[in-house]
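sequence unknown, structure follows:
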């Protein structure tokens, strides 16, 4: 089950972020801190990819194959919105 | 038709990029050039949002409502891939 | 001191990420989970901005005003690298 | 001179964007169009990296080594701003 994988990855990110706090408290080199933040962000992107994949393969299929056009439209609009947020820059 | 809107926006981006070339040739201030590049990238994001919206509302619906599970899987995988590319950082 | 602000923000992100784990464990709606992940990523961007600002206002000034051209080059290269990573997509 | 390289790359992006317009006019597959838009955005990121590198190695060094603290602050703030824009998501 992919949810378990996503949760496990989030636990890793959580530990990573605690580590970055320590780096700041220990006055470690700023650039090293920034690299670690960027790595945590990439790890979060990976989690969002996993969650979106699950969503497409379950809720989206159900909604699109369903008979309610409003529900279909709503679900497709939500996918658009997370994509738009991801491309914001 | 949204394609016409996307084409029109791309024409604008094309002109924008020619303008940025001029800025560089005229030795304009680097930071101003970078802001213009970032604006062109945002405009391209908007175009990709429009194209994805069209795709979801046509090909994706057809594939997901269709009877071929491989085709459905392929189309959902493609949406995943453009999202993953958008979240790469 | 900005470091304290950055650490405080990271503690908030850490709690946020624990909350997202709960959302997944409670089988909450995938799209809501993705929005929360994107929000955590934005919060991390804000932290990296703060850390870079501190870096520019201290280490970078010292290196650029210093007499060692290699050190200056190294520090400017590092700023380039974090920018390049941020623009990767 | 790096400016020439940046201008050349922008000419390539400009041609790329004209090609994407053709793809849309020829009703090519939406996902292929999106991949090309993402490739053009990456190419623009590369140009902004080149321009920032030039900026850091010239204007920024001059400002930071100069005697005007306001000018120094202004130039560092600008670098912060383009980084913040790049990390907006």
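Good, I have the coordinates. Note that the structure is predicted; figures quoted are calculated from it, not measured.

show me where pLDDT drops low in chain A?
Applying pLDDT under 70 to chain A picks out residues A:1, A:89.

for the residue nearest to the spatial centre of chain A, identify the helix or strand it belongs to.
Nearest to the centroid of the C-alpha atoms of chain A, with distances taken as CA atoms, centre = their mean, sits residue A:48, at 2.3 Å. Element membership for residue A:48, per DSSP states H and E: helix A:30-55.

list the buried residues of that helix.
A:30-31, A:33-38, A:40-55 (16 or more other CB atoms under 10 Å in any protein chain shown). For every residue, glycine as well, the C-beta is placed using N, CA and C.

cool, and stretch A:55-67?
Neighbour counts using 16+ other CB under 10 Å place A:55-57, A:59-61, A:63-64 of stretch A:55-67 among the buried residues.

gap between the two ends of that stretch?
19 Å (CA to CA, to the nearest Å).

contact partners of that stretch?
A:71-72, A:74-76, A:79, B:60-61, B:64-65, B:72, B:76, B:79-80, C:29-31, C:34 (CB atoms under 8 Å, 6 or more residues apart in numbering or on different chains).

before we move on, the earlier item: which residue packs closest to the residue nearest to the centre of chain A, ignoring adjacent ones?
residue C:37 (4.4 Å; CB to CB, 6 or more residues apart in numbering or on different chains).

thought that neighbour was touching residue A:46?
No. Using CB atoms under 8 Å, residue C:37 makes no contact with residue A:46, being 9.9 Å away.

what residues does chain A have near chain B?
Residues of chain A lying near chain B by CB under 8 Å from any CB of the partner chain: A:38, A:41-42, A:45, A:48-49, A:52-53, A:56-57, A:60-61, A:64-65, A:72, A:76, A:79-80, A:82-84, A:86-89.

hmm, what's the outermost residue in chain A?
residue A:67 (29.7 Å).

near chain D, which residues of chain A show up?
Counting by CB under 8 Å from any CB, chain A comes close to chain D at A:85-89.

which parts of the host helix or strand of residue A:78 are buried?
Assigned by DSSP H and E, residue A:78 belongs to helix A:69-86. Within helix A:69-86, the residues scored as buried using 16+ other CB under 10 Å are A:72, A:75-76, A:78-80, A:82-86.

picking that back up, just curious, which of the buried residues of stretch A:55-67 is nearest to residue B:14?
residue A:56 (32.9 Å; CB to CB).

how close does the closest one get to residue C:43?
Separation of residue A:56 from residue C:43 (CB to CB, to the nearest Å): 26 Å.

and stretch A:34-43, how far out from the chain's middle?
Here stretch A:34-43 shows a centroid-to-chain-centroid distance of 13 Å under the convention CA atoms, centre = their mean, to the nearest Å.

residue numbers of chain A in contact with chain C?
By CB under 8 Å from any CB, the part of chain A that sits against chain C consists of A:3, A:6-7, A:10-11, A:13-14, A:17-18, A:20-21, A:24-25, A:27, A:29-31, A:33-35, A:37-38, A:40-41, A:44-45, A:47-48, A:51-52, A:54-55, A:59, A:78-79, A:81-82, A:85-86.

for residue A:38, which non-adjacent residue is closest in space?
residue C:85 is the one closest to residue A:38 (CB to CB, 6+ apart), at 5.2 Å.

many thanks, have a good one.
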